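Visitor: A structural model of the following input is requested.
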Amino acid sequence: MTRVARPAQGRGWLHIIRREWAEAEADLALAMDKASDTALRQRADICSALASLYRRQGKYDQAIVYAQQALNLREETGDLQRVADACANLGLIYDLLGEHSRAIAAQEEALGTFRQIGDREGIANAHNNIGAALYYSKRYLEAIEQYRKGLDIFRKIGLPRGEAQALQNLAEAFAALGQVEEARRHWREGYALSQDTHLDDQLSEFRNLRDRTPALQSLDTAVPLASATNQGSISLSVSTQANLLPVERFAIEIARQQGHVTAKRLMEQARISKPTATRALSDLVRRGLLVRMAGGARVTVSCRVHPILKNPAIESAGGDKWTIALWTYRRARFATVPGHVELGRPHTRGRSDPHHAQSARRWHQPD
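Guide: Predicted coordinates for the structure are as follows:
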């Protein structure tokens, strides 16, 4: 039965990524039907996928049901990492439903568990998630306090995407308070950081925030680029390595040794399925540890290679190229002087629409 359930589960995630809702629902229903009653972890993964599916469609009542089931099953397994992720996921959906007090309670529970297991990235994301729920509740000063805690940790562990997203959240919160100079300073700093680390999707979020926020609308996007020091060093901090899954570390090692890695190559050398390889590469990009590049006839999005790298990098099965953005990151001083959320580790995200509760956090994706 498991031989049928696991492939169906993997296909379900791919359909979710491709926004093929009916196909995703059919495959995940098949996976749940075929999964053994005693396979708690697998059933929890399927519930998590179903919660993600319904959340993305705006069917929040259904998403809540499956997110709660995923949490219950994870608690039965005793896997504290996944329990914390499940709590964070549940909090995201409560935010989308406008039940911010419940969202805060869920994120605080996640925070406590992340602290218990020493997951610093999870702790940082939980602070941002709590901050977002407070922001939605118009408790701006409390939100800023949480965002600052998350920002400090992201800087210490060297995750530029999280840092940039926290800075964006701070810019928005200060603008809501009417503290224009503080809002503008955090916006400039986050925008420059996103430029310097080639987070093109995050740059778009900063521009969206500027365009819808009167206090920021006069800002020029042509801000000076910051420069990371030790540019010749392509290495991960110990804390960042500890937060990588084995398949993610394997992908990075292939890219380091061979200059690039494809999903197919990762599949063959790690002996994993195509969905697992694709998710691993996508999750590394989401966390700011890989940079997506244009390359190949089918590519419609263009991103830049990080300047410290000589090799174009990781190429997905669809022809897109990726490049390693791994270095010992030390923030430079800015002259003018930021989620699980989704598909992997929780992470912070900027807000660009009225239903942006999935921003600023991470969404758990099963192995």
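
Visitor: which stretches of this protein form strands?
Guide: Assigned by DSSP state E, the strands in the chain fall at 290-293, 321-324.

Visitor: For the ones you listed, which has the smallest mean pLDDT value?
Guide: Per-stretch mean pLDDT for the strands of the chain is lowest at strand 321-324 (a mean of 35).

Visitor: what about Trp13, how many residues close to it?
Guide: Applying other Cβ atoms under 10 Å, we find 25 residues neighbouring Trp13. The C-beta positions use only the backbone N, C-alpha and C, and glycine is treated the same way.

Visitor: is it true that it touches Ser273?
Guide: No: using Cβ atoms under 8 Å, Trp13 makes no contact with Ser273, being 10.5 Å away.

Visitor: Could you tell me how many residues sit around the nearest residue to Arg56 once chain neighbours are set aside?
Guide: With sequence-adjacent residues excluded and distances taken as Cβ to Cβ, 6 or more residues apart in numbering, Arg56 is closest to Ile16, at 6.8 Å. Here the number of neighbours of Ile16 (other Cβ under 10 Å) works out to 25.

Visitor: For Ile16, give its distance to Asp95.
Guide: 20 Å (Cβ to Cβ, to the nearest Å).

Visitor: what ranges do the helices span in the stretch 1-150 of the chain?
Guide: For the stretch 1-150 of the chain, the helices defined by DSSP state H, counting those that start in this stretch occupy 2-17, 21-34, 40-56, 60-77, 80-96, 100-117, 120-136, 140-157.

Visitor: ok, now which ones touch the spatially closest residue to Glu163 that is not a sequence neighbour?
Guide: Nearest residue to Glu163, sequence neighbours excluded (Cβ to Cβ, 6+ apart): Phe154, at 4.2 Å. Residues in contact with Phe154, defined by Cβ atoms under 8 Å, 6 or more residues apart in numbering, are Ala124, Pro160, Gly162, Glu163, Ala166, Pro338.

Visitor: Wait, Thr276 touches Trp13, no?
Guide: No: Thr276 lies out of contact with Trp13 (Cβ under 8 Å); the separation is 9.3 Å.

Visitor: Compute the distance between Arg43 and Arg6, please.
Guide: 12 Å.

Visitor: With Ala24 instead?
Guide: Taking Cβ to Cβ, one finds Ala24 at 15 Å from Arg6.

Visitor: cool, Thr276 as well?
Guide: Counting by Cβ to Cβ - Thr276 and Arg6 are separated by 10 Å.

Visitor: What is the burial count for Ser101?
Guide: Ser101: 10 neighbours (other Cβ under 10 Å).

Visitor: Excluding sequence neighbours, find me the nearest residue to it.
Guide: Counting by Cβ to Cβ, 6+ apart, the residue nearest Ser101 is Ser137, at 7.7 Å.

Visitor: where does the protein have low pLDDT?
Guide: Applying pLDDT under 70 to the chain flags the ranges 1-2, 220-244, 256-260, 285, 287-367.

Visitor: What residue spans form the domains of it?
Guide: 120-228+336-367, 238-324 (automatic domain parsing).

Visitor: Val4 touches Asp27, doesn't it?
Guide: No: applying Cβ under 8 Å, one finds Val4 not in contact with Asp27, separated by 10.6 Å.
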